[in-house]
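> just need the structure, nothing else, for what follows:
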Amino acid sequence: MGNTFGRLFRVTTFGESHGPAVGCVVDGCPSRLPLTEETVQTELDRRRPGQSRIVTQRKEADRVEILSGVLDGLTLGTPIGLLVRNEDQRSRDYDEMREKYRPSHADFAYDQKYGIRAWSGGGRASARETIGRVAGGAIAQLLLRQRYGVEIVAWVETVRDLGSAVDPDTVRREDVEAHIVRCPDLEAAERMLTLIEQVRKEGDSVGGVVQCVVRGVPPGWGEPVFDKLEADLAKALMSLPASKGFEIGSGFGGTLLRGSEHNDPYRADATGRVSTSTNHSGGVQGGISIGTPVTLRVAFKPVATVMHEQDTVTVRHENTTLKGRGRHDPCVLPRAVPMVEAMVALVLADHSLLQEAVRGRAEGWGEGLPSRTIGP
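Prediction:
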């Protein structure tokens, strides 16, 4: 239970951190979409460990293998199996954790739920599980780009109390990738880098916020009431390891405004195209996209495993202490950027197919009515 995400565009992830392999099965992807292993590999390379000095130094190539669902570079419309083999497990680093729970990690919770846990590497609670999400998200992003022209860009906005000043309307993927922190404000990125390196040397960890903008989402995506677009985005992003907060549009900051200040006024141009002069709603109203950029923010807590002695209990619920060992991210944010983009893409790909199904059922019902669009 809980390992499958989506309704029409569905992704099921599998595998443990220190098992033989991890991966996913993508079901519902339309046929004849051009897809190669390199398309997926590009996104996995942005997520993989060992890519810079400020992430975990576990040495994994994370080379993806497409096992099914693709023929001659085209999707078949059948389930797409994606596999990444684990190569650099150091289970001995977790020997003490066989008997002790890491504070604020999922160790205790998994034991309470299942009566057993993959103590080596954290099993499914490890960020290594996100390989399947990023692989499936790469296919979703390809679908969104090719069919709708949708562009998803995420970046590190803050690390602890160090913020950045960027215009979400102009941030590009190449700006984000220009620095290992993945903050497009290079001056702020250098300050963040200094902090992360300091925290790493002290054997500690630090959190922050990832911001994301989605451009080109057409109006009409999202289902009313329980399956609102922002509700599905919130579920997707809050399912990521270490995520602790979600905002869309003005988010909690909107509570400081009056309605007259927060409302996004509509205007139509000479062609009848509708736009808004502000975007406090983050591109979603009534749970349905309105054609303006979808903007959101995700908060990530400091990584739980730190190299400091902390109070904890044993599996027999005896008081003890534990000091972390092994290779861990001092800050999850740089590697979380492609994870955020992947989960946003999975939600939007699912809703794009849902919208096609809705409009397909209604085709012909509204003949003669004007087509109305809204844009930035």
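
> need the helices for the stretch 51-200 of the chain, in chain order.
107-114, 130-148, 173-176, 186-201 (DSSP state H, counting those that start in this stretch).

> buried residues, the second one. List them.
Spelled out, it's helix 130-148. 130-144 (16 or more other C-beta atoms under 10 Å). (Glycine included, C-beta is placed from N, CA and C.)

> for residue 28, see how far away the nearest residue to residue 68 once chain neighbours are set aside is.
Of all residues not flanking residue 68 in the chain, residue 81 sits nearest, at 4.2 Å (C-beta to C-beta, 6 or more residues apart in numbering). In this structure, residue 81 and residue 28 are 14 Å apart, going by C-beta to C-beta, to the nearest Å.

> likewise for residue 102?
Residue 102 is 36 Å from residue 28, by C-beta to C-beta.

> okay, the two: which has more neighbours?
residue 102 (21 against 16; other C-beta atoms under 10 Å).

> wait, isn't the more buried one in contact with residue 322?
Yes: using C-beta atoms under 8 Å, residue 102 is in contact with residue 322, at 6.5 Å.

> now do the shared contacts for the two.
Counting by C-beta atoms under 8 Å, 6 or more residues apart in numbering, the residues touching both residue 102 and residue 322 are residue 312.

> hmm, back to that, next, count neighbours for the residue nearest to residue 68.
17.

> what sits against it?
Contact analysis of residue 81 by C-beta under 8 Å, 6+ apart lists 23, 24, 25, 66, 67, 68, 69.

> among those residues, which are in strands?
Of the contacts of residue 81, the ones assigned to strands by DSSP state E are 23, 24, 25, 66.

> if any of those residues are buried, give me the PyMOL selection for them.
Entered in PyMOL, the line below selects the buried ones among these, by 16+ other C-beta under 10 Å:
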select buried, resi 23+24+25+66
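
> ok, the ones in strands among the contacts of residue 81 vs residue 186, which is closest?
Checking the ones in strands among the contacts of residue 81 against residue 186 by C-beta to C-beta gives residue 24 as the nearest, at 34.2 Å.

> skip the chain neighbours and tell me the closest residue to that closest one.
Distances taken as C-beta to C-beta, 6+ apart put residue 132 closest to residue 24, at 3.3 Å, once the chain neighbours are dropped.

> likewise for residue 80?
residue 69 (3.3 Å).

> which residues touch the one you found?
Contacts for residue 69 (C-beta under 8 Å, 6+ apart) come out as 26, 29, 75, 76, 77, 78, 79, 80, 81.

> rerun that using 6 Å as the cut-off
76, 78, 79, 80 (C-beta atoms under 6 Å, 6 or more residues apart in numbering).

> then residue 311?
Taking C-beta under 6 Å, 6+ apart as the criterion, residue 311 is in contact with residue 321.

> helix 186-201 and the biggest helix by length in the chain, what's the angle between them?
Using DSSP state H to define each element, the chain has its longest helix at helix 333-361. Using axes from the mean of the first three to the mean of the last three C-alpha atoms, to 10 degrees, the direction of helix 333-361 lies 120 degrees away from that of helix 186-201.

> tell me which residues in helix 333-361 are buried?
So for helix 333-361, counting by 16+ other C-beta under 10 Å, buried means 333-355.

> with stretch 186-199 instead?
For stretch 186-199, by 16+ other C-beta under 10 Å, it's 188, 189, 191, 192, 193, 195, 196, 199.

> of the residues you listed, which is the nearest to residue 272?
Distance to residue 272, by C-beta to C-beta, is smallest for residue 188 among the buried residues of stretch 186-199, at 41.2 Å.

> contacts only, for the nearest residue to that closest one once chain neighbours are set aside.
In space, residue 188 comes closest to residue 164 once its chain neighbours are excluded; the distance is 3.8 Å by C-beta to C-beta, 6+ apart. Applying C-beta under 6 Å, 6+ apart to residue 164 gives the contacts 157, 183, 185, 188.
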